[in-house]
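K.L.:
Sequence and predicted structure below; questions after.
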Amino acid sequence: MTVTTESEPLLDDGGSRRPPSNAERRSAAWWADSAPTVSNGTGYGSVAVGGLDKRPVGAEDSNGGGPGDGGGGGNGCAVQQAAPLLTYTWTSLNVFAPGARPARAPLARWFQRRPSAPRKHLLKNVSGCALPGEVVAIMGASGAGKTTLLDALTFRSDRQLTVTGARALSGTVVTSSRDLAGVAAYVQQKDLFVGWLTVREHLVFQALLRMERRIPRTQRLRRVRQVMDELGLTKCQDSIIGVPGKVKGISGGEMKRLSFASEVLTDPTILLCDEPTSGLDAYMAQNTVEVLSRLAKRGKTIVLTIHQPSSEVFAQFDKILLMAEGRVAFLGAPQEALDFFARIGAPIPPKYNPADFFVQLLAVVPTEEATSRERIDRVCDAYERSDTAARNALVTDYPTKGWPPTAGGGKPWLPLDASSGTSRYKASWGTQFCALLWRSWLSVRKDPLLVRVRVLQTAVIALLVSVLYFGQRMDQTGLVNINAALFTTITNMTFQNVLAVIKVFCTERAVFKREHMAAMYRVDAYFLARSTAELPIFMALPVLYTCIVYFAVGLNADPLRFFTCVAITNLIGLVATSFGYFISCAANNMSTALSTGAPAVIPLLLYGGFFVNLDTMPSYFSWIQHISWFRYGNEALLVNQWQDVPEISCAGALNNNSCIHSGHYALQVYSFKEGSVWSDIGHLALLILLFRSLALGLLIIKAR
Ligand SMILES: Nc1ncnc2c1ncn2[C@@H]1O[C@H](COP(=O)(O)OP(=O)(O)OP(=O)(O)O)[C@@H](O)[C@H]1O
């Protein structure tokens with residue numbers, strides 16, 4: 001379609017901005033046009049949500065109900081009864097990005113002063129509001145500033161951006177995401193889950209960590225059932241969510257609804273959603289917006305960004321906020337938008353999807369940038385002068401300028417509950433740990449990569465080593481082969497565990513980051529629970545490996561030596577696992593972790609004492625041997641194997657001089673000390689603590 005607006009007036013919206021009359025100011029019915037009335041479910045009286053809250057403006061003194069009066073309700077959930085209705089306003093939001101600095105020659109970097117790059121103005125005086133009972137859709141062409149605005153509203157703007165302006169909840173200015181934590185939820189564009197859980201398991205986990213401490217477990221489970229019913233998830237409650245590329249789970253639409261379900265469990269008053277329909281087909285998109293509409297009808301304040309909704313989806317919005325080039329082009333009811341654009345000379349052609357029309361009208365066409373920008377400015381200027389903008393300003397200016405005295409002196413909305421958002425975590429440390437342990441255990445148990453594949457992998461490698469070194473005798477050849485078999489054990493334990501940890505831990509990192517940011521749990525609770533859940537499998541595999549290899553190779557027949565060997569391989573496996581955690585936490589993503597993990601192991605491996613005698617290694621690298629589990633593991637295994645072996649046959653030796661004729665002599669060749677098994681075991685235990693502490697420290701730093 002060609003938008004024939006350039007030649008049109010596109011200026012006059014029927015008069016300059018007219019200050020609203022006192023009667024208008026008092027009238028909550030302004031908003032009733034654009035916001036549906038919600039049922040009296042929360043005990044605030046029976047005024048339409050079209051008013052700023054459920055009480056009429058100026059009714060503060062009438063004591064007509066409040067959060068504590070407990071009236072209404074009827075949904076059987078204490079969480080819902082306590083939820084107030086909140087209006088979210090944002091006033092004169094400006095967002096600046098540092099300007100890109102011109103590239104300079106390397107030497108010029110030292111001698112020239114850095115030119116001050118002009119800042120990029122991403123959001124320009126953006127004001128708006130979302131009232132209880134409304135679905136407010138932020139729309140605009142690509143690059144219009146939708147995501148920048150939503151990020152600013154959720155206090156998740158990029159660190160390098162400067163954000164100015166006020167954001168307020170029912171008139172109380174909020175300054176950080178912590179202020180929003182108790183009342184607002186953010187549904188992000190990308191659905192992130194631990195895919196091995198079922199829908200129900202996921203929601204139970206969320207309920208355990210997101211709902212208030214005082215709420216008993218039975219009530220949490222009831223709430224999970226209720227939310228599943230509300231969002232149509234009951235029929236797939238026992239289906240696995242799914243892991244992309246590994247296991248097919250629930251559909252995209254169900255996943256999106258599960259994202260909503262996770263957020264609405266706590267009955268947040270405000271729901272902010274980034275592109276909730278992206279990646280969904282038309283039916284699913286409509287279905288998703290219907291869900292949001294239903295939530296709004298229950299008194300929620302809903303703000304979402306959307307790129308180009310279909311007519312059906314568009315029809316479900318109560319208010320639209322059109323963005324163009326970082327400015328507000330319109331904020332109001334969809335019908336008002338149609339009137340506004342008709343008034344300024346850009347009427348919507350009949351049978352045309354209004355959303356498509358607005359987006360095209362307000363887009364910067366690459367070949368006509370100047371004309372497009374001029375058109376956008378004219379629309380935005382016309383909106384700023386419009387009655388609609390003046391009415392909106394009364395609400396959006398309140399937090400900074402105060403409510404106009406003519407409004408009757410009363411506050412137009414309920415004050416924020418002072419306690420909301422003060423506590424960062426809803427659950428105690430113990431509850432966090434138990435819930436995380438439960439979830440981690442479920443995913444460890446269900447993930448075939450972690451259990452079945454690894455058991456198979458261990459058994460196959462153990463059999464291979466067994467075949468290769470089968471039935472060694474106590475002679476010179478047997479000595480070399482046994483030592484090689486023991487070192488192969490350490491190498492296998494190391495690479496298998498380091499890679500397994502990196503793959504699993506890094507995969508879950510995005511989920512961890514999101515959930516930790518949503519203040520669901522502390523980093524230490526997560527780390528301890530995750531590593532504890534994996535402990536049984538990481539301890540069982542070395543036992544399996546040793547049981548196969550030990551007897552097949554014909555190692556020391558003393559039962560005590562066998563159990564000591566099992567304990568040592570177990571410790572080696574755990575050090576490697578801890579090193580895997582350390583690398584995973586140090587790297588920013590899985591590919592970096594995988595590409596640095598293996599090379600980082602090599603120096604430690606060289607200091608294992610197998611390939612070269614430790615006494616001949618360069619002294620300036622000697623510190624490496626103190627953190628090499630290869631060294632402690634190799635020494636412990638060899639001492640355990642050879643100590644007290646009185647005689648080794650010289651068969652296979654080149655001559656009598658090269659014959660290693662006793663266990664004592666065999667250990668001397670490697671510079672290993674007899675009786676050092678316990679000190680090596682102690683060192684291995686210390687390395688486990690060291691690498692895990694470093695990993696936890698790094699995770700805490702990165703989580704900030
Ligand atoms: N951190 C940043 N630094 C510099 N410019 C940025 C930054 N973030 C966003 N921008 C710019 O701000 C403008 C608005 O970006 P934003 O992502 O908000 O657009 P959008 O409306 O969400 O677009 P889309 O629908 O394509 O996601 C774009 O021109 C973008 O390049």
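P.N.:
Yes, it's here. Numbers count the residues shown, from 1 in each chain.
K.L.:
so residue 296 touches residue 134, yeah?
P.N.:
Yes - in this structure residue 296 lies within contact range of residue 134 using Cβ atoms under 8 Å: 5.9 Å. No exception for glycine: its C-beta is placed from N, CA and C like everyone else's.
K.L.:
what comes into contact with stretch 497-508?
P.N.:
With Cβ atoms under 8 Å, 6 or more residues apart in numbering as the test, stretch 497-508 has contacts from 194, 443, 447, 449-450, 454, 530, 534, 538, 573, 576-577, 579-581, 583-585, 587, 589-590, 593-594, 597-598, 601.
K.L.:
per-residue confidence at the residue sitting nearest the centre point of the chain?
P.N.:
In the chain, the residue lying closest to the centroid (Cα atoms, centre = their mean) is residue 514, at 1.8 Å. What the model reports for residue 514 is a pLDDT of 88.
K.L.:
what about it, distance to residue 188?
P.N.:
Per Cβ to Cβ, to the nearest Å, residue 514 is found 7 Å from residue 188.
K.L.:
again with residue 300
P.N.:
17 Å.
K.L.:
Which of the two has more residues huddled nearby?
P.N.:
residue 300 (27 against 18; other Cβ atoms under 10 Å).
K.L.:
phi, psi of the more buried one?
P.N.:
phi -80, psi 150 (degrees, to the nearest 10).
K.L.:
so what's it up against?
P.N.:
Applying Cβ under 8 Å, 6+ apart, the residues contacting residue 300 are 132, 133, 264, 268, 269, 270, 271.
K.L.:
Swap in 7 Å and give it another go.
P.N.:
269, 271 (Cβ atoms under 7 Å, 6 or more residues apart in numbering).
K.L.:
Residue 439 now?
P.N.:
Residue 439 neighbours (Cβ under 7 Å, 6+ apart): 194, 197, 205.
K.L.:
any idea how far residue 542 is from residue 504?
P.N.:
As for residue 542, its distance to residue 504 is 18 Å (criterion: Cβ to Cβ).
K.L.:
Low-confidence ranges, this structure, go.
P.N.:
1-84, 100-117, 399-423, 612-615 (pLDDT under 70).
K.L.:
Tell me the residues of it that contact the ligand?
P.N.:
97, 120, 122, 140, 142-148, 158, 161, 307 (Cβ under 6 Å from any ligand atom).
K.L.:
how close does whichever residue of the stretch 601-704 of the chain sits closest to the ligand get to residue 162?
P.N.:
Relative to the ligand, the nearest point of the stretch 601-704 of the chain is residue 704 (19.5 Å; Cβ to the nearest ligand atom). Residue 704 is 20 Å from residue 162, where distance means Cβ to Cβ.
K.L.:
who's more crowded, those two?
P.N.:
residue 162 (13 against 6).
K.L.:
ok, for the more buried one, nearest residue in space, not its chain neighbours?
P.N.:
In space, and not counting its chain neighbours, residue 162 is closest to residue 96: 4.5 Å by Cβ to Cβ, 6 or more residues apart in numbering.
K.L.:
Tell me the bridge partners for the one you found.
P.N.:
With DSSP bridges as the criterion, residue 96 is bridged to residue 121, residue 162.
K.L.:
what's it in contact with, if anything?
P.N.:
If you count contacts by Cβ under 7 Å, 6+ apart, then residue 96 has 119, 120, 121, 122, 161, 162 around it.
K.L.:
Can you give me the distance of it to residue 118?
P.N.:
On the measure of Cβ to Cβ, residue 96 and residue 118 end up 10 Å apart.
K.L.:
What strand or helix carries whichever residue of the stretch 201-350 of the chain sits closest to the ligand?
P.N.:
Nearest to the ligand, among the residues of the stretch 201-350 of the chain, is residue 307, at 5.3 Å (Cβ to the nearest ligand atom). Assessed by DSSP states H and E, residue 307 sits outside every helix and strand.
K.L.:
quick one, what contacts it?
P.N.:
Residue 307 neighbours (Cβ under 7 Å, 6+ apart): residue 275.
K.L.:
Against residue 585, how distant is it?
P.N.:
36 Å.
K.L.:
show me where the stretch 51-200 of the chain has strands.
P.N.:
88-97, 120-130, 135-140, 162-169, 172-174, 184-187 (DSSP state E, counting those that start in this stretch).
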